[in-house]
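K.L.:
Sequence first, then the predicted structure:
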Amino acid sequence: MKELLQKFSEIETPFYWYDLNVLDKTLQALKEANRKNYHVHYALKANNNAPVLARIKDAGLGIDCVSGNEVKHALENGFEPSQVVLAGVGKTDKEIEYAIDQGIFSFNVESIEELEVINKIASSKGKKPNISFRINPAIDAGTHRKITTGSKENKFGISDEELFRSVDQIKSMESIRFIGVHYHIGSQITDIGRFKNLCVRINEIQSGLVERGIELPHLNVGGGLGIDYLDPDTKSIPDFEAYFNTFTENLQLLPDQELHFELGRSIVGQCGSLITKVLYQKESGATKFLIVDAGMTDLMRPALYDAEHMAQNLSSESSNMVTYDLVGPVCESSDIFNKGIVLPESKRGDLIAIRSAGAYGETMKNAYNLRELAKAYYSE
Ligand SMILES: *Cc1c(COP(=O)(O)O)cnc(C)c1O
């Protein structure tokens, strides 16, 4: 990244930098690994910038949304309603109405009460939207507790027992079309074995449904494939092969059942960086602080999930390696990017790249402390 130093020094910091070549390579690798042509819906909440979405659309992916405004944004960026799925535990009536009017592919429904509301709204419109039930499979995704979504204590989805109990009630609703089941167990999952465990649970639940006379044409296994935050250069492309193979080898699909995925982070995570400038240094006891002009308002993941991003000094030529706490300017003790990171000796004015910030970086930005919102720049 050092080759971009000249270009970066002309841009006001902090800013997001997107290497669209990395995105293209990632999309290419995804396509090559997806030999069975499974449906992949990109999870819009990871990154919703127009140039990023344009490439994802050209690669033929659909879209996974978690709010009405995300559906609107996807449609405004050229995706077809038939490519859109909508999840979320708290869909408002307004969001449901909007999505029904647009004719999205499917609602991923997260409670029986929500289904009743969708059925009622659809009935009043004389429509019959597709719905899939989000099942909480009660398995451990082996990731940070704040991005685990498929354990019993998580608010997402309903249990398989509840789905089984509700089958007759669902069948009696006349303004919905029950087309599938949906799972999403968490994010930044790096142990592929966790997806195998998911397949085993899905097979069990599918058998339970078949026993009750329910054979659904669609199965959606969500997303969650992790990326390598500590090695963004040599491991810039996630192992999509191993990921898809796990499902191909372990899932028992019904004849003609279509398989859907919802990947976010693994597609856009490595193409983005947050570029920031060193403002000050100071020492407190044994700790050397490097204070930069980006903060948790530009990249919340470290404060929110204890996430670690690789950071590199693009300016320093020093061979003297120093251990720093890399911190932002926001008035919160959690505004820390890295504790004890080893960097070449750094000084005021040096540019630092905080890597792997393409997913859940810019989409979570906020103006706390009335801070300026950082802008995005692209490699082409
Ligand atoms: C966030 C989310 C995803 C994407 O997760 P990644 O870890 O970014 O792949 C997929 N499905 C649902 C329902 C989500 O909420």
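P.N.:
Okay, I see it. In this text, all values refer to a predicted model and were calculated from it rather than measured experimentally.
K.L.:
Now residue 130. Its backbone dihedrals?
P.N.:
Note on residue 130: its backbone torsions stand at phi -70, psi 140 [degrees, to the nearest 10].
K.L.:
which residues does it contact?
P.N.:
105-107, 176-177, 179-180 (C-beta atoms under 8 Å, 6 or more residues apart in numbering). From N, CA and C alone the C-beta is placed, and that goes for glycine too.
K.L.:
now, which of those lie within strands?
P.N.:
Mapping the contacts of residue 130 onto strands (DSSP state E) picks out 106-107, 177, 179-180.
K.L.:
Of the residues you listed, which ones also sit close to the ligand?
P.N.:
Applying C-beta under 6 Å from any ligand atom, the subset of the ones in strands among the contacts of residue 130 adjacent to the ligand is empty.
K.L.:
okay if I get those as TSV plus pLDDT and neighbour count?
P.N.:
Below are the ones in strands among the contacts of residue 130 laid out as TSV (pLDDT from 0 to 100; neighbours: other C-beta atoms under 10 Å):
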residue	pLDDT	neighbour count
106	98	23
107	98	28
177	98	14
179	98	19
180	97	21
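K.L.:
returning to that earlier point: how about the contacts of residue 130, which pair is most distant?
P.N.:
Across the contacts of residue 130, the longest distance by C-beta to C-beta is 13.6 Å; it joins 105 and 176.
K.L.:
Quick check: residues of the chain near the ligand?
P.N.:
Counting by C-beta under 6 Å from any ligand atom, the residues of the chain close to the ligand are 43, 45-46, 64, 66, 87, 184, 187, 222-225, 262-266, 359.
K.L.:
ok, now with 8 Å
P.N.:
41, 43, 45-46, 64, 66, 87-88, 108, 134, 147, 149, 156, 182, 184, 186-189, 222-226, 262-267, 269, 359-360 (C-beta under 8 Å from any ligand atom).
K.L.:
So which of those residues are in helices?
P.N.:
Taking DSSP state H, the ones among those that sit in helices are 265-267.
K.L.:
Whichever of those residues end up buried, select them in PyMOL.
P.N.:
PyMOL command restricting these to the buried ones, with burial defined by 16 or more other C-beta atoms under 10 Å:
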select buried, resi 265+266+267
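K.L.:
which one of the ones in helices among the residues of the chain next to the ligand sits closest to residue 340?
P.N.:
residue 265 (25.0 Å).
K.L.:
Nearest to the ligand within the stretch 251-380 of the chain, name that residue for me.
P.N.:
residue 264 (2.6 Å; C-beta to the nearest ligand atom).
K.L.:
Let me have the ones in helices among the residues of the chain next to the ligand in TSV, extended by pLDDT.
P.N.:
Output for these, formatted as TSV (pLDDT from 0 to 100):
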residue	pLDDT
265	98
266	98
267	98
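K.L.:
which residues does the residue of the stretch 251-380 of the chain closest to the ligand contact?
P.N.:
Taking C-beta under 8 Å, 6+ apart as the contact definition, residue 264 lies against 42-47, 64, 187, 223, 359-360.
K.L.:
Kind regards, and thank you for your time.
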